[in-house]
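> A structural model of the following input is requested.
(3 chains)
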Amino acid sequence: MDLAPNQLLRLVQLGQTDAALRSQAIWECVSCQTCTTRCPKEVDCAGVMDALRETSLAHGMGAPAQQPVVSFQKAFLDNIRRNGRLNELELIARFKADVLFRTGRLAFLFKDASLAPQLGKRKKLHLLPEKARDRKVVERIFARCSNQADQ
Amino acid sequence: MNIGYYPGCALHGSSNDYEQSLRACLGALDVQLQEVKDWICCGATAAHSLNHKLSLALPARNLALAERDGFQQLFAPCPLCSMQLLKVQKAVKENGLREELSQIIEADVRGDGQVLNLIQLFERVGLDRLKAAVKEPLKSVTAACYYGCLLTRPPDVVHFDDFEQPRSMEAVLAVLGAKTVDWSYKTECCGAGMTMASEGTVLELAHKILSNAADHGANCLVVACPMCHVNLDMKQAAVERRYGKKLDMVIYYLSDLVGLALGLSGEQLGVNRHFVTKA
Amino acid sequence: MSRIGVFTCWCGENIARTVDVDEVAKQVAGFPGVRCSVNYKYMCSDPGQAMVREKIASEKLDGVVVASCSPHMHLKTFRKAAQAAGLNPYLVEMANIREQCSWVHHDRTQATAKAIDIIRLSVEKVRNDTALEPIRVPVTRRALVIGGGVAGIQAALDIADAGYEVVMVEREPSIGGKMAGLSETFPTLDCSQCILTPRMVEVGQHPRIKLYSYSEVETVDGFVGNFKITIRQKARYVDTSKCTGCGECWTVCPLKRNPSEFDFGMGMRPAIYIPFPQAVPARPVIDKKVCAKLIRNGCGLCEKKCKAEAINFKDEDKLVEEKVGTVVVATGYRLYSISKEQDKASLTGYGEYGYGKYKDVIDSLQFERLVSASGPTNGVLKRPSDGAIPKNVVFISCVGSRDNAKGLPYCSKICCMYTAKHSMLYKHKVHDGQAHVFYMDIRSGGKGYDEFVRRAIEQDGARYYRGRVSKITEEKGKLIVRGADTLAGFPVTIEADLVVLAAAMRPAEGIEELAQKLNIGCDEFGFLMESHPKLRPVETNTAGIFIAGACQAPKDIPEAVAQASAAASKVQVMLAADELTREPEIAAINEQTCAACFTCVHTCPYHAIERAEVRTGRGVFIKRTARVNAGLCMGCGTCVSVCPSKSADLLGFTDQEVYAMVESLV
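This is a model prediction of the structure:
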């Protein structure tokens, strides 16, 4: 992490939000909620990290080193917007393509490819996964909640 | 016993072995899972990371659907789903968001049902009843109970067990005749949804968890979360490669062990579909 | 016919800038009953006071109104001036035309008109004032000191050396408090018992100190100058008058392994025991929870061995009465319970530190006993789990303190200093050891304190990390401490052999019950409330009861000793004469009209009203009545407002006065 959570909070306190929004750390965070649980001042640190992520994208700031994470989350949201439920194969395909497009990392495209047959063998791969029946509602919910972050 | 069931995307996706395990085990306990009709994704990590309003709206829709279906209790086997459902219940009941959310999701959400994780479901079935139903005590199991992050955190949302030294899973294993170890990584994160996007993080965290469990004498781990299972089971081979050690730790779903103790076979429970199986 | 003098003050510019003081003096001169009306720049100054005295004499004034600042400022000043001129001081009123007029308004015309109205009210009041005399209350010239720690000891010695009798009540079998259990004290690194035990012996042998050890205050009755205290002397099962302290009994006792309270569980003691060798009194006590003879009539070895025949298994608690004039509360502190068990719903413990789970995670008082020369390990720092000498010790500050999430937001003041001390004591004992201290801030504000902390870092090599510890786990027999170093900017992991947690200071157990018995206040954390945080740190809002030491707030030994002497001096002021004088503005009950409904008795917050009887000179009963105890009444007026027959009234603020004031405005 380039900036520790307490450093991110400090920057926000000082009004140097830009530096916080540009950090890679906010995308390395796994949202384990330990920070919020332990904070003696009852600061919802995990919530602050969420807010920094959302604001960072809304302001069009990227996170070059952590681009795969950003691509993954965006691809995920787009996936459920259209399908109502997650379509894993579609997610993986879109995610890998996006990373390739933005970072040119060809190796990334083929990473974990060996897992595909293993998953298939265990009947964990769904070529025609179920979609939510009432998908249109999901589109409308997304529209009502739209911000710039998930574009 | 009938109970509302919210599987979530993982259980109908690549973690369908978890659902198989649940259906077999709970079926043997006469618990009928009634899937909520037209459920949608809860938003997972992506929603709360990118769009706060959406992260409340998506689970809210599922709560409203469950309420519409008349379920007083809603069982959500994935802790990310259950935590978000509880988060929205709190937002609706304590932060006055009922009207706004109901308008967004086109359904009235009251937030007054009970959301249960897998451990709570077994507690509801009754540990005494479970004990009485055990046919094959798990004498060869010395398990490290792995709770992960979201079963017990954030405590003011989930209000479940002791969030530093939880013991609820151990209590279930005790009535199954299994031994458990007191280890140091019960609630440390496995890397959650970063499996594809930040594999290095997951491998490092999974390595620490698996090693600590082994160091404390466990011969397997027990989980109640599909993401934890993926990171510890599917990725175990990658961990072994990167850190150059053999781990050979079977990762059981809690329902696997309950089912085995009830006399069900590994095939019925889908244990043979894990990546790491008993030699 | 009244002859009232009104003195309007300019208060420099404070009043005169907004209020036209000349106009005020002119208008007021025309009020009925006003004999003279003047204004002056600073009424509270010497010439101003002289003016008041002079006018009282020359105009034969029978009432004075000073129109100036708040009576909180100078009422006493002007009452003294009036008294010096021969006028009863309770015929003096102050009209507040500063805080309540010139300081809060801008419009000069309106402010002047309001000032005149305020003075009109005061003039009406003075016209209806009656001369009052201060109340005299007899005083029992003895003091009670509750608590035998260093604060209680200091207070008792000061009061006793001044010539008064002191009754000291201490809950534990010996006096000495927490200080008796410390190893060395900061910043001098004096041996704690070496500097304390001489004082303890002095208390034990002082001709004017009556020590009730192993006793507690049961009830408190009465009022300032006249307290009646019931003390419960808990059964020791040892006759202290016969016992010589020879020690045969505790040597022969077969039940040797009971966790020692004095050692905070780091050592063991027998069932019959003396808490530490220098105990005062040096007489043992039997733990009735474990003694075989008391539980099931077995053993009895100590009785057989005792040559003085001092063991008495038939002993019982005794209740004793003592009369005192004042009370000093010095009940000290306890440490916050770090594990999950708490005695208050608002507090939570720390599961992440493993206290209670890992034997080698201990708190600061337990560490003191382990390094104390007379401790359970004779001063050799052996860790609890296996007795090994720890080579890496982690000290964690602020455990419980400054933690809103756990329920105690305050700073416990002493931990930064004693943690530095601990790191130094550790280094002095284990030369190749390394101390690691996790801190958030360093609070070292006393004399030589910051230098002391720097010594720990620069000379004794303690490593200080600015950051908190997130979790302590155990791996391969070592404690793994994971924390942060925010100055360097990265996380820190330490393999520790021993972890010492600096737990928060809380007031001693049972403080809320004691405060209720004494009718004094305590805050939400249980700390006793002082009258005024800046100017009256050792007084309480209950007359005659003083506080000293850690029961009031976290503090170190020098502060506790200073506060104890301060409380002792307040006690001496009170005990200096046979009588106490109190302000006469208290309630009075018209016993002729009183219907004896006793609503006032139930309502009075100071329990100052008694049920009494009206009898003829020969003792024939006439009627029942309520009667105000002049020693306790604080003049709050609650009884006046609830009395259905209007028999209760407030001297100096009678109903008649108030009605006259209101009518004058209408």
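> enumerate the residues of the stretch 1-150 of chain B near chain A.
B:9-10, B:12-17, B:37-41, B:43-55, B:57-58, B:61, B:104-106, B:149-150 (Cβ under 8 Å from any Cβ of the partner chain). Using the backbone N, CA and C atoms, a C-beta is placed for each residue, glycine as well.
> doesn't residue B:204 lie inside a helix?
Yes - Residue B:204 forms part of a helix when assessed by DSSP: H, G, I helix; E, B strand; the rest coil.
> and it, how many neighbours does it have?
15 (other Cβ atoms under 10 Å in any protein chain shown).
> model confidence score at the nearest residue to it once chain neighbours are set aside, please.
Residue nearest to residue B:204 in three dimensions, not counting chain neighbours: residue B:191, with 7.9 Å by Cβ to Cβ, 6 or more residues apart in numbering or on different chains. The per-residue pLDDT reported for residue B:191 equals 95.
> coming back round to it: drop anything exposed from the residues of the stretch 1-150 of chain B next to chain A.
Listed as buried from the residues of the stretch 1-150 of chain B next to chain A are B:9-10, B:12-17, B:38-41, B:43-55, B:57-58, B:61, B:104-105, B:149-150; burial here means 16 or more other Cβ atoms under 10 Å in any protein chain shown.
> one step back: would you confirm that the residue nearest to residue B:204 contacts residue B:197?
No - Residue B:191 sits out of contact with residue B:197 when judged by Cβ atoms under 8 Å, with a separation of 10.0 Å.
> which residues touch residue C:648?
Going by Cβ atoms under 8 Å, 6 or more residues apart in numbering or on different chains, residue C:648 touches C:587-590, C:600, C:626, C:639-640, C:642.
> next, it: phi, psi?
phi -90, psi 140 (degrees, to the nearest 10).
> strands of chain B, start to end?
Using DSSP state E, the strands of chain B run over B:2-5, B:32-35, B:73-75, B:114-116, B:142-145, B:179-180, B:220-223, B:250-253.
> and of those strands, who's closest to residue C:423?
Residue C:423 sits nearest to strand B:142-145 of all the strands of chain B, at 35.9 Å, using Cβ to Cβ.
> want to throw the strands of chain B into a markdown table with distance to residue C:505, mean neighbour count and mean pLDDT?
Shown next, in a markdown table, are these (distance: least, Cβ to Cβ, whole Å; neighbours: other Cβ atoms under 10 Å in any protein chain shown; pLDDT from 0 to 100):
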| stretch | distance to residue C:505 | mean neighbour count | mean pLDDT |
| --- | --- | --- | --- |
| strand B:2-5 | 50 | 20 | 95 |
| strand B:32-35 | 53 | 14 | 96 |
| strand B:73-75 | 46 | 22 | 96 |
| strand B:114-116 | 41 | 21 | 97 |
| strand B:142-145 | 37 | 24 | 97 |
| strand B:179-180 | 38 | 18 | 97 |
| strand B:220-223 | 42 | 25 | 97 |
| strand B:250-253 | 46 | 25 | 97 |
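> buried sites along stretch C:146-164?
Buried residues in stretch C:146-164 (16+ other Cβ under 10 Å): C:146-160, C:162, C:164.
> can you check stretch C:344-354 too?
C:347, C:349-354.
> quote the end-to-end distance of stretch C:535-546.
14 Å (Cα to Cα, to the nearest Å).
> oh, that last question was meant for stretch C:76-90, not what I typed.
10 Å.
> mean confidence score for that stretch?
95.
> for stretch A:34-42, same thing?
94.
> restricting to C-alpha, output stretch C:174-185 in PDB.
Output of stretch C:174-185 as PDB, limited to C-alpha atoms (Å, rounded to 0.1, in the frame of the first residue of the first chain):
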ATOM      1  CA  SER C 174      -3.500  -3.400  55.500                       C
ATOM      2  CA  ILE C 175      -3.100   0.200  54.600                       C
ATOM      3  CA  GLY C 176      -0.800   1.300  51.800                       C
ATOM      4  CA  GLY C 177      -3.100   1.100  48.800                       C
ATOM      5  CA  LYS C 178      -1.700   0.500  45.300                       C
ATOM      6  CA  MET C 179       1.500   2.400  46.100                       C
ATOM      7  CA  ALA C 180       2.600  -0.400  48.600                       C
ATOM      8  CA  GLY C 181       2.600  -2.800  45.700                       C
ATOM      9  CA  LEU C 182       4.700  -0.800  43.200                       C
ATOM     10  CA  SER C 183       8.300  -1.500  42.700                       C
ATOM     11  CA  GLU C 184       9.900   1.800  42.000                       C
ATOM     12  CA  THR C 185       8.300   5.200  41.500                       C
END
